[in-house]
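Visitor: kindly return the folded structure for what I paste below:
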Amino acid sequence: MPSILIVDDEANIRGTLKGVLSREGYQVDDAPSVAAARELLREAYDLVLLDVWFPGENGLELLASIREDAPETTVIMMSGNADLETAVKATRLGAYDFLEKPLSLERLLVILRNASETRVLASENQRLRAPWATSLVGDSPALRKLLGEIALAGPSPARVLLSGENGTGKELVARALHRASPRRDMPFVAVNCSAIPDELFESELFGHEKGAFTGATQSRRGRFEEAHNGTLMLDEVADLSARAQTKLLRVLQESELTRVGGSRAQRVDVRVVAATNHDLPAAVKAGTFREDLYFRLAVIPIRVPALRERTEDLPALVQHFLEALSRETGHKPAVWSDGALAALARYAFPGNVRELRNLVERLVIMNPGARIGPGHVMAVLPTGEMLGPPPAPPVELTAQATAAAPPATLAEAVREFERRHIEAALAAEQGNMTRAAARLGLERSHLYKKLRQLGLRMEG
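Guide: Predicted structure coming up:
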């Protein structure tokens with residue numbers, strides 16, 4: 001339970017509150033004065049219950065000090081001589097709440113419970129939005145779960161096995177694990193195991209000495225040595241041959257290696273993050289992947305969700321890619337309508353985030369200066385990978401005016417709102433004019449009239 005400091009010059013109030021809060025499970029200390037409280041506040045407290053008025057002292061001054069020195073501490077003010085001005089001042093100084101004496105213990109317990117929950121949420125949000133998380137875009141429940149797992153596993157030296165479909169961003173997750181670890185300032189080395197010929201596996205990972213084989217004209221460090229004191233990512237680890245698995249297992253067990261053609265064993269301190277798009281437990285059962293190697297790699301298994309499991313993140317991801325393309329090309333980012341985003345959300349994305357980026361880039365390049373609408377999106381999506389029943393032939397809308405600048409007048413703002421609202425309704429009804437008109441509360445003829453007024457044309 002949270003720790004709490006009660007600061008009040010009345011001994012009976014301190015005694016009563018200390019008894020009640022201790023029975024509720026709080027770790028409670030108390031101080032009879034501001035000076036005594038300052039001494040105790042050399043240690044960290046989760047919560048402080050602070051009176052306003054003391055003989056010759058002011059609790060608001062202590063409140064200001066706490067907010068400056070320990071902003072993570074929640075302060076709840078209390079006073080028997082409260083006035084509106086004092087309450088407003090306390091709130092401006094950062095007090096979580098203000099209670100009048102005599103205190104309602106029931107209300108106090110509710111406030112403390114809410115304050116504790118708020119602290120937990122704030123701490124969780126700060127943890128999930130740590131610098132290492134910036135490359136992972138979105139705020140869906142699936143992504144928040146992944147970020148939470150990274151935050152817990154990152155500081156640990158334990159090996160991690162990342163599983164997930166191609167294109168989900170497993171290397172980004174591996175890099176986030178590295179940045180969240182004490183090894184963040186040391187090397188991060190990524191190796192694609194499927195791209196290494198079996199006969200070169202040992203040389204690539206463990207290095208070789210000069211003359212070890214034909215063409216070895218000089219000694220060379222392997223990837224393990226390059227990643228010493230840092231992180232080594234073994235991508236597509238399921239593609240390793242039986243021989244390579246045996247060699248890798250030995251290095252993981254012993255934390256030492258011998259270069260090809262060498263005779264001296266070298267100690268290596270490497271945190272290994274493995275990744276695969278295969279079902280490794282099934283491969284173990286089938287006898288194609290060593291069980292002992294699997295358990296060495298999968299100390300902490302983390303599954304990276306597919307894009308179709310986090311469609312709430314599509315708007316943020318599209319915006320992220322648009323801004324990246326704008327930086328790369330120097331062009332102004334294209335504007336995407338709500339209808340275009342709704343059309344994207346109906347697609348299964350078998351290629352996941354990597355496919356989404358390619359699709360965004362294709363649409364921006366092939367529609368220069370255009371405002372991307374649902375028709376543009378539907379034209380490039382493979383219909384065989386749509387979620388749910390196939391859509392009816394879409395009625396595609398293309399804006400005559402494509403400027404992305406904010407409307408200059410109220411009339412233009414209203415016009416822009418109507419256009420977006422109509423596009424979204426048509427996308428939601430898969431281009432069916434009758435159902436879209438009903439959704440909008442318009443007559444069908446009135447909807448056609450609106451389309452003409454807004455400079456929208458339908459392309460069959």
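
Visitor: just the strands in the stretch 101-250 of the chain please.
Guide: Ranges of strands within the stretch 101-250 of the chain are 160-163, 188-192, 231-235, based on DSSP state E, counting those that start in this stretch.

Visitor: just the CA atoms of the shortest one, as PDB, please.
Guide: Below are the C-alpha coordinates for strand 160-163, written out as PDB (Å, rounded to 0.1, in the frame of the first residue of the first chain):
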ATOM      1  CA  VAL A 160      13.800 -12.600 -25.000                       C
ATOM      2  CA  LEU A 161      12.100 -14.500 -27.800                       C
ATOM      3  CA  LEU A 162       9.900 -12.300 -30.100                       C
ATOM      4  CA  SER A 163       7.300 -14.100 -32.100                       C
END
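
Visitor: so can I have TSV of the strands of the stretch 101-250 of the chain showing mean pLDDT and distance to S135?
Guide: Using the backbone N, CA and C atoms, a C-beta is placed for each residue, glycine as well. Shown next, in TSV, are the strands of the stretch 101-250 of the chain (pLDDT from 0 to 100; distance: least, C-beta to C-beta, whole Å):
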stretch	mean pLDDT	distance to S135
strand 160-163	97	15
strand 188-192	96	12
strand 231-235	97	14
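
Visitor: tabulate those in CSV, adding columns for distance to E106 and mean neighbour count.
Guide: Below are those laid out as CSV (distance: least, C-beta to C-beta, whole Å; neighbours: other C-beta atoms under 10 Å):
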stretch, distance to E106, mean neighbour count
strand 160-163, 46, 24
strand 188-192, 53, 18
strand 231-235, 51, 24
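
Visitor: want to throw those into JSON lines with distance to R296?
Guide: Output for the strands of the stretch 101-250 of the chain, formatted as JSON lines (distance: least, C-beta to C-beta, whole Å):
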{"stretch": "strand 160-163", "distance to R296": "10"}
{"stretch": "strand 188-192", "distance to R296": "17"}
{"stretch": "strand 231-235", "distance to R296": "11"}
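
Visitor: tell me how many other residues crowd the spatially closest residue to R290 that is not a sequence neighbour.
Guide: Spatially, and ignoring its direct neighbours in sequence, R290 is nearest to Q245 (4.9 Å; C-beta to C-beta, 6 or more residues apart in numbering). A count of nearby residues for Q245, using other C-beta atoms under 10 Å, gives 19.

Visitor: picking up where we left off before, which of the strands of the stretch 101-250 of the chain sits closest to V299?
Guide: Using C-beta to C-beta as the measure, strand 160-163 is the one of these that comes nearest V299, at 7.1 Å.

Visitor: which helices and strands sit right next to that closest one?
Guide: helix 170-179, strand 271-276, strand 300-303 (3 or more C-beta pairs under 8 Å, 6 or more residues apart in numbering; DSSP states H and E).

Visitor: mean confidence score for the shortest one?
Guide: Same thing as strand 300-303. Here strand 300-303 scores 96 as its mean pLDDT.

Visitor: ok, back up a step: the residue nearest to R290 touches E291, doesn't it?
Guide: No. Taking contacts as C-beta atoms under 8 Å, Q245 lies outside contact range of E291: 10.5 Å.

Visitor: re earlier: ok, the residue nearest to R290 to L205 distance?
Guide: Applying C-beta to C-beta, to the nearest Å, the value for Q245 to L205 is 12 Å.

Visitor: okay, now N358: neighbour count?
Guide: Counted with other C-beta under 10 Å, N358 comes out at 13.

Visitor: may I have the phi/psi pair for it?
Guide: Dihedral pair for N358: phi -60, psi -40, per degrees, to the nearest 10.

Visitor: equivalent analysis for S241, please.
Guide: Torsion angles, degrees, to the nearest 10, at S241: phi -70, psi 170.

Visitor: OK, contacts around it?
Guide: 198, 201 (C-beta atoms under 8 Å, 6 or more residues apart in numbering).

Visitor: how far away is it from L172?
Guide: Counting by C-beta to C-beta - S241 and L172 are separated by 27 Å.

Visitor: any regions of this protein where pLDDT drops low?
Guide: Scanning the chain for pLDDT under 70 picks out the ranges 1, 82, 120-130, 383-415, 417, 428-430, 441, 445, 455-460.

Visitor: break it down into its domains, please.
Guide: 3-126, 132-305, 308-459 (automatic domain parsing).

Visitor: next one: the shortest one to chain centre, how far?
Guide: Right, domain 3-126. Chain-centre distance of domain 3-126: 33 Å, with C-alpha atoms, centre = their mean, to the nearest Å.

Visitor: what do you get for the last one?
Guide: The chain centre lies 26 Å from the centre of domain 308-459; the measure is C-alpha atoms, centre = their mean.

Visitor: re earlier: figure out which of the helices and strands packed on strand 160-163 is closest to F54.
Guide: The minimum distance between F54 and the helices and strands packed on strand 160-163 falls on helix 170-179, with 46.7 Å, by C-beta to C-beta.
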